[in-house]
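A.B. asks: A predicted structure for the sequence below; I have some questions about it.
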Amino acid sequence: MHVQRHPARGRNRGIAITKLEVSVDGGFAGDPVASTGITYSVDLAADAPDDELRRLVAECEQVAAISQVLRHGTQVTAGEIRIRG
């Protein structure tokens with residue numbers, strides 16, 4: 001699987017990012033089991049004003065492949081299944 005990253009978005013604006021951590025949490029409940037939701041947090045340090053960094057995070061969120069798939073759903077199909085005893 002290829003996951004596209006967007007480090008150039010900050011670089012193209014002349015922003016030097018010194019720290020970027022993303023933490024994700026979620027859970028499952030019910031019968032049948034279903035997701036209770038997913039929450040993520042961003043810890044970002046860079047040499048730019050707060051409002052500019054918030055715009056950068058929001059822009060990246062709009063193009064991030066994983067969050068878009070999770071928000072809009074996708075078909076899940078089993079590929080090859082190998083059973084070895």
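C.D. replies: Looks like it arrived, so ask away.
A.B. asks: quick one, phi/psi of E21?
C.D. replies: When read as degrees, to the nearest 10, the backbone of E21 gives phi -130, psi 130.
A.B. asks: Return the residues in contact with it.
C.D. replies: 42-44 (Cβ atoms under 8 Å, 6 or more residues apart in numbering). Quick note: C-beta positions are derived from backbone N, CA and C, even for glycine.
A.B. asks: ok, which stretches of this protein are helices?
C.D. replies: 8-11, 50-63, 65-72 (DSSP state H).
A.B. asks: Compare these and say which comes out lowest on pLDDT.
C.D. replies: The weakest mean pLDDT among the helices of the chain belongs to helix 8-11, with a mean of 60.
A.B. asks: Now do the closest residue in space to V24 that isn't next to it in sequence against A46, distance only.
C.D. replies: For V24, ignoring the flanking residues on the chain, the nearest one in space by Cβ to Cβ, 6 or more residues apart in numbering is Y40 at 4.7 Å. From Y40 over to A46 the distance is 18 Å, taken as Cβ to Cβ, to the nearest Å.
A.B. asks: do T77 as well
C.D. replies: 40 Å.
A.B. asks: How about Q62?
C.D. replies: 19 Å.
A.B. asks: The two - which one has more neighbours?
C.D. replies: Remark: of Q62 and A46, A46 carries more neighbours, 17 against 9, as counted by other Cβ atoms under 10 Å.
A.B. asks: Alright, I will stop here.
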